[in-house]
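# Structure, please.
(chains A and B, ligands or ions: 2)
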There are 2 protein chains.
Amino acid sequence: MASPSSLSPPEVPMELHVVNRKKLLDSFRDHLSLSSRPLHGFIFLQGGEEQNRHCTDHIELFRQESYFSYLFGVQEPGFYGAIDLASGDSILFAPRLPAEYAVWLGEIKPLSHFKERYMVSSVYYTDEITKVLHQQYQGPGKPLLYLLHGLNTDSNNFSKPADFKGIDNFETDLNDLHPILTECRVLKSALEFAVIQFANDISSEAHVEVMRKTKAGMKEYQLESLFLHHTYMYGGCRHCSYTCICATGSNSSTLHYGHAAAPNDRILEDGDMALLDMGAEYHCYGSDITCSFPVNGKFTVDQSLVYNAVLRAHDAVISNMRPGVSWVDMHKLAERIILESLKEGDLLLGDVDAMVQERVGAVFLPHGLGHLLGIDTHDPGGYLKGAERPKEPGLKSLRTSRELLEGMVITVEPGCYFIDALLLPAMKNAQTSKFFNHEQISKFRGFGGVRIESDVFVTGDGCVNMTKCPREIKEIEAVMAGAPWPINKSVIPSLNSNP
Amino acid sequence: MASPSSLSPPEVPMELHVVNRKKLLDSFRDHLSLSSRPLHGFIFLQGGEEQNRHCTDHIELFRQESYFSYLFGVQEPGFYGAIDLASGDSILFAPRLPAEYAVWLGEIKPLSHFKERYMVSSVYYTDEITKVLHQQYQGPGKPLLYLLHGLNTDSNNFSKPADFKGIDNFETDLNDLHPILTECRVLKSALEFAVIQFANDISSEAHVEVMRKTKAGMKEYQLESLFLHHTYMYGGCRHCSYTCICATGSNSSTLHYGHAAAPNDRILEDGDMALLDMGAEYHCYGSDITCSFPVNGKFTVDQSLVYNAVLRAHDAVISNMRPGVSWVDMHKLAERIILESLKEGDLLLGDVDAMVQERVGAVFLPHGLGHLLGIDTHDPGGYLKGAERPKEPGLKSLRTSRELLEGMVITVEPGCYFIDALLLPAMKNAQTSKFFNHEQISKFRGFGGVRIESDVFVTGDGCVNMTKCPREIKEIEAVMAGAPWPINKSVIPSLNSNP
Ligand SMILES: [Mn+2]
Ligand SMILES: [Mn+2]
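Ligands and ions are numbered 1, 2, ... in the order given. Next up is the predicted model:
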């Protein structure tokens, strides 16, 4: 049997993290110079630790903390890392493992292994942090540690600054590092781009595999299982970027379906739309992809109407993306196209400008158009310090209001949902009731929703769509009927003439 | 194509948790009566909460805390639960979800849904705990809450007692609940047995599927992916009991291989042994199964020697298990059989009694023979309060030293490993050097190890092996060559005569 994948997991060069550290070092030195501060002290981060489940000895599979991963790429738990602002040296601190580790958990690797593997200047044990950094420090007084502390604007949580026994022997600064390091993460290097592209390639291929195997009578979680298996088996992706959302029928209007309280457990029915939001992660870099398609492989007229509204928005945004464009404007563009399409489809009535004014778009598209993507699915840096979040419905859900910059990777994920909790109040509301064709729209209650999500890289003069899934209705129907993907375009018409 | 599974996920009756609560209530009332204490107050537990990854909004897939799962079977995060010692009523407290939940995360279910689903007496919101329990309480003074606090003897962590706003309005007791509830978990009911049996059935089948697909040139994690896919796709098992250990070649002597720092990433080679320790979890009840087999499907003479040593130990222990038998004795039995087999195989020399005396067994079998299994892989209750852990090498790793009781589910997992860190010192040691055939044993350095692990239920007069994997060398070779499983025994001889 031919392999169902044309891909195999690439080796990720650790130069990627050397470049990331260099970028941070340059930015940080510039920042200190600008405020006439001395170029000494250390950028100092703590890596993640393995977590036990409650009081048990069950250990959750470890995945590195994202900022630490960005700078050092270390896959093992329990490390610390420093960058010397004076010399530029990178120093890792590895946990000193007990002798039993060799019996239970594996080879105790020498420090030289980590030095070579992670391409740092030197490696010591974590119980040597104080001694080593004091020796290395050239400035006056206690050595200064710049620690990571700042707000994540998606979670509203603060990152936890590094802590270790002996930190009292250092001066610490909690203000300078977070905004600069976060901004470094916003613009992806060529090496980072390549990893995100691989995560996209294997995930796109897995989405196609899932589409082909989807049939009425299956359980939603079987689609998740197919995706997870394809990306791990052929892509070496042990983690996903986020819990798979495998929503069918009316579940597809639950934006973040799939978690433990709504666990992808519905049986697929003939006539359902499926909305599958699934993305694999590779070397801690993610992908975030949504495909929507009919479970039975053939779009109805109603499904086509909603699907094409979203696809037109998705395509229009991508054609307009380039450095300098405001993401808020892109959201508004998507919203307007969806409203126009629904009006053309006879679901909405009246003046689209007036609808926009009354925020009718947010009834159908209540989430933001997209978000920065990288080591986190919702990569940090969406709101610069002091930037205000828009307040209007729909826009307030945007995870960034920034202008696009060359090097950003951002998701484009317009959607159109029929959510009773939003639709019914808007249809009753005196200001907005008139825009709805009540009779027509009532047929779409229970339809669920459509989302189309691609990961897009902003170039110097435009953008590149990194996601490679069938998007046109013809393409989806052809692929679900067994056509190869990517489709040989000349073949589509004949495939399309099949019953 | 025929389904590769004969199984499908069963409905788990919530009576299972009704029975669990009744058992605890009876035990706890007996306990109070014995010390002449009044039968009022509440057993009170806090369920688990979803966890964010570090400062991000990435939420790990939630899996219920094990004690809470035992009593209430609730799959959703953020609950509390109480059992009224006076009336026997069970009360759940559900989180009050904000209106946006309906848009982002799904239907906000009414309290009546949880009452019906989880078969409890009543359900309120978590912000009503103080009010409800004060109303319900019949005794004098402040209502008394029996909270969960005690040592997990596998992790050495303490369970965290329930906490909530308003707990100051209650008397609390931290001592009584943990040992009694833990002891309830030790003996499985018929309903619990059935769930653990299903976890075993689907995992056994998945192990066979993996065996059949294993080939040189694959990566270890591909075996993990095949297992995960089979148990989720056909068994609805979204979680595993523990991180899969897919160890091949010399990795198979690392007892807990497969974690993030040793992530199942080796390429399988012709001639390797594979040691796969993988078990799926269903409705929070686990399985824990290890199969060892040659990657190329044919045992060499050396592989057979080690494998059969372990299999003889595995089978002998199971034939001897019944209520009243000491688990320490079973460990010693396994150890002795392995030593005898290695002596027969010319790897060891001299008197086996003397080897036992010098703890040579622990060189080859450094871990415990097995552990209680249930909602946790290492289910609690292995050491009763005051029980001492044995101190000798090998025996000190036992997760229980108890006598077997009817209703226990315990793993039987003897192993034989060639671990340089243990073998080389023992071969040099003046007391033990003489037992080793140095020339012969040196051929086995790098061999790795063999483990055979089954989950065994202790009955009134013996035990039942719940695991259904090919165990005999002939069976394994036949199944890997394509024979059906379970094998039609009469077919084996002819299959076996194949080249
Ligand atoms: Mn997204
Ligand atoms: Mn085990």
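# Can you give me the distance of the residue in the stretch 151-300 of chain A that ligand 1 sits nearest to to residue A:245?
Among the residues of the stretch 151-300 of chain A, residue A:288 lies closest to ligand 1, at 4.1 Å counting by Cβ to the ion. Placement of C-beta: from N, CA and C, glycine included. Residue A:288 is 10 Å from residue A:245, where distance means Cβ to Cβ, to the nearest Å.
# Also residue A:100?
As for residue A:100, its distance to residue A:245 is 42 Å (criterion: Cβ to Cβ).
# circling back: settle it for me: which of residue A:288 and residue A:245 has more neighbours?
Applying other Cβ atoms under 10 Å in any protein chain shown to residue A:288 and residue A:245 shows that residue A:288 carries more neighbours, namely 29 against 24.
# ok, the more buried one touching residue A:241?
Yes. Under the criterion of Cβ atoms under 8 Å, residue A:288 makes contact with residue A:241 at 5.7 Å.
# which residues do these two both contact?
Shared contacts of residue A:288 and residue A:241 (Cβ atoms under 8 Å, 6 or more residues apart in numbering or on different chains): A:279, A:377.
# Longest helix in chain A, please.
Taking DSSP state H as the criterion, chain A has its longest helix at helix A:190-213.
# Name the next helix or strand following that helix along the chain.
helix A:220-233 (DSSP states H and E).
# Once you drop chain neighbours, what's closest to the residue of the stretch 151-300 of chain A closest to ligand 1?
Using Cβ to Cβ, 6 or more residues apart in numbering or on different chains and skipping residues adjacent in sequence, the residue nearest residue A:288 is residue A:279, 4.3 Å away.
# Equivalent analysis for residue A:101, please.
Take residue A:101 and drop its neighbours on the chain: the residue closest to it by Cβ to Cβ, 6+ apart is residue A:108, 5.5 Å away.
# The one you found: what's it in contact with?
By Cβ under 8 Å, 6+ apart, residue A:108 lies in contact with A:97, A:99, A:101, A:102.
# May I have the beta-bridge partners of residue A:83?
Residue A:83 has these beta-bridge partners by DSSP bridges: residue A:43, residue A:90.
# Retrieve the pLDDT associated with it.
As predicted, residue A:83 sits at a pLDDT of 98.
# likewise residue A:497?
On the pLDDT scale, residue A:497 gets 41.
# Can you report phi and psi for the spatially most central residue of chain A?
Nearest residue to the geometric centre of chain A (Cα atoms, centre = their mean): residue A:377, 2.3 Å. Torsion angles at residue A:377 (phi, psi; degrees, to the nearest 10) stand at phi -60, psi -50.
# contacting residues for it?
By Cβ under 8 Å, 6+ apart, the residues touching residue A:377 are A:241, A:242, A:279, A:286, A:288, A:371, B:58.
# hmm, which of those are the buried ones?
Burial by neighbour count, judged by 16 or more other Cβ atoms under 10 Å in any protein chain shown, picks out A:241, A:242, A:279, A:286, A:288, A:371, B:58 from these.
# Need the nearest residue in space to the second one, chain neighbours excluded.
Meaning residue A:242. In space, and not counting its chain neighbours, residue A:242 is closest to residue A:377: 4.9 Å by Cβ to Cβ, 6+ apart.
# likewise the first one?
With sequence-adjacent residues excluded and distances taken as Cβ to Cβ, 6+ apart, residue A:241 is closest to residue A:286, at 3.4 Å.
# thought the one you found was touching residue A:378?
No. Residue A:286 lies out of contact with residue A:378 (Cβ under 8 Å); the separation is 9.7 Å.
# Need the residues touching each of these two.
In terms of Cβ under 8 Å, 6+ apart, residue A:286 and residue A:378 are not both contacted by any residue.
# residues near the residue in chain A that ligand 2 sits nearest to, how many?
Per Cβ to the ion, residue A:57 is where chain A lies closest to ligand 2, at 11.5 Å. Close neighbours of residue A:57, defined as other Cβ under 10 Å, add up to 17.
# Run through the residues that contact the closest residue to residue A:122 other than its chain neighbours.
Counting by Cβ to Cβ, 6+ apart, residue A:122 lies nearest to residue A:91, which is 5.3 Å off, once chain neighbours are set aside. By Cβ under 8 Å, 6+ apart, the residues touching residue A:91 are A:81, A:82, A:83, A:84, A:120, A:121, A:122, A:123, A:124, A:132, A:133, A:136.
# on that earlier part again, output the contacts of residue A:377 as JSON lines; include the columns pLDDT.
As requested, the contacts of residue A:377 are exported to JSON lines (pLDDT from 0 to 100):
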{"residue": "A:241", "pLDDT": "98"}
{"residue": "A:242", "pLDDT": "98"}
{"residue": "A:279", "pLDDT": "98"}
{"residue": "A:286", "pLDDT": "98"}
{"residue": "A:288", "pLDDT": "98"}
{"residue": "A:371", "pLDDT": "98"}
{"residue": "B:58", "pLDDT": "97"}
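# Name the nearest of those residues relative to residue A:482.
Residue A:482 lies nearest to residue A:279 out of the contacts of residue A:377, by Cβ to Cβ, at 25.2 Å.
# Quick check: the closest one touching residue A:239?
No. The pair residue A:279 and residue A:239 does not pass the contact test of Cβ under 8 Å, sitting 10.3 Å apart.
# ok now do residue A:212, which residues does it touch?
Counted by Cβ under 8 Å, 6+ apart, residue A:212 has contacts A:479, A:480, A:482.
# go on, residue A:30?
Applying Cβ under 8 Å, 6+ apart to residue A:30 gives no contacts.
# one step back: in PyMOL, how would I select the buried members of the contacts of residue A:91?
In PyMOL, this line selects whichever of the contacts of residue A:91 come out buried by 16+ other Cβ under 10 Å:
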select buried, chain A and resi 81+82+83+84+120+122+123+124+132+133+136
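# So which of the contacts of residue A:91 belong to strands?
Judged by DSSP state E, the contacts of residue A:91 include A:81, A:82, A:83, A:84, A:122, A:123, A:124 as members of strands.
# which bits of the stretch 51-200 of chain A sit near chain B?
The stretch 51-200 of chain A comes close to chain B at residues A:51-63, A:65-66, A:75-77, A:99, A:102-107, A:152, A:154-155, A:157-160, as judged by Cβ under 8 Å from any Cβ of the partner chain.
# Counting only helices, which of those make the cut?
Mapping those onto helices (DSSP H) picks out A:66, A:102, A:103, A:104.
# Just the buried ones from the residues you listed?
Among those, those classed as buried by 16+ other Cβ under 10 Å are A:66, A:102, A:103.
# how about JSON lines for these, with distance to residue A:405 and pLDDT added?
Putting these into JSON lines (distance: Cβ to Cβ, whole Å; pLDDT from 0 to 100) gives the following:
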{"residue": "A:66", "distance to residue A:405": "20", "pLDDT": "98"}
{"residue": "A:102", "distance to residue A:405": "48", "pLDDT": "93"}
{"residue": "A:103", "distance to residue A:405": "51", "pLDDT": "92"}
